[in-house]
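# structure for the following, please:
(2 chains)
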Amino acid sequence: NAGVTQTPKFQVLKTGQSMTLQCAQDMNHEYMSWYRQDPGMGLRLIHYSVGAGITDQGEVPNGYNVSRSTTEDFPLRLLSAAPSQTSVYFCASSSSSYEQYFGPGTRLTVT
Amino acid sequence: AQSVSQHNHHVILSEAASLELGCNYSYGGTVNLFWYVQYPGQHLQLLLKYFSGDPLVKGIKGFEAEFIKSKFSFNLRKPSVQWSDTAEYFCAVNAGAAGNKLTFGGGTRVLVKP
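Coordinates of the predicted model:
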């Protein structure tokens, strides 16, 4: 099993550009989530999904969209990138056991 | 809304010293508690977790944590650290009513000097 995979690993965007961060898991987990990690602030939940077709907002959802058309994939879209979205983004998945498995992260810089 | 606080942002230790990292949370109901570790350049890995039962839980790499319900705390300990324990450590809480959502503390960067 590959676990949770994320692409790309690094990305540089200009302000106003859009992009999609990809996340996939092969553990058949129902729950998936996106976090951003900023120094001194830990990880903050952006959006999450409890199953295909169901998504909800987390703590810091503004500027991000998600969709969940399959159990395996949970892409995160930045519609119009801003410098405040410079961060490291982690995708995670979990089953009913609550233990979350994290992907390797995407380091995003917005100039 | 629940919150998680980690008291120390940075800790510097020498090898063989003992480590204790504090974690407090602000939710009065049933909680599931986790400690994750992030080694330099890597993603988060689970160190240990507490769901119920014995409040002293043992995790990987010699780490343990104690859940003290009356103090809303879940402190992480290791009796003797190694240089390879240099990492950032995150406490996380899942409130029973919040489904699978985790709330993380701000993290503690631990530097172990050889």
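# return the residues of chain A in contact with chain B.
A:31, A:33, A:35, A:40-45, A:48, A:50, A:58, A:90, A:92, A:94, A:98-100, A:102-105 (CB under 8 Å from any CB of the partner chain). The C-beta positions use only the backbone N, C-alpha and C, and glycine is treated the same way.
# ranges for the strands of the chain?
Since you didn't name a chain, this refers to chain A. Residue ranges of the strands in chain A, as given by DSSP state E, are A:4-7, A:10-13, A:19-25, A:31-37, A:43-51, A:54-57, A:64-66, A:76-78, A:87-94, A:100-102, A:106-110.
# the chain in question should be chain B.
With DSSP E as the criterion, chain B has strands at B:4-6, B:10-14, B:19-21, B:23-25, B:31-38, B:45-50, B:56-58, B:64-68, B:73-78, B:87-95, B:103-104, B:108-113.
# same list (those) but as a markdown table, adding mean pLDDT, distance to chain A and mean neighbour count.
Converted to a markdown table, the strands of chain B look like this (pLDDT from 0 to 100; distance: least, CB to the nearest CB, whole Å; neighbours: other CB atoms under 10 Å in any protein chain shown):
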| stretch | mean pLDDT | distance to chain A | mean neighbour count |
| --- | --- | --- | --- |
| strand B:4-6 | 94 | 8 | 19 |
| strand B:10-14 | 96 | 10 | 13 |
| strand B:19-21 | 97 | 13 | 18 |
| strand B:23-25 | 96 | 11 | 21 |
| strand B:31-38 | 94 | 5 | 22 |
| strand B:45-50 | 94 | 6 | 18 |
| strand B:56-58 | 97 | 13 | 14 |
| strand B:64-68 | 96 | 15 | 18 |
| strand B:73-78 | 97 | 14 | 21 |
| strand B:87-95 | 93 | 5 | 23 |
| strand B:103-104 | 91 | 4 | 24 |
| strand B:108-113 | 96 | 9 | 17 |
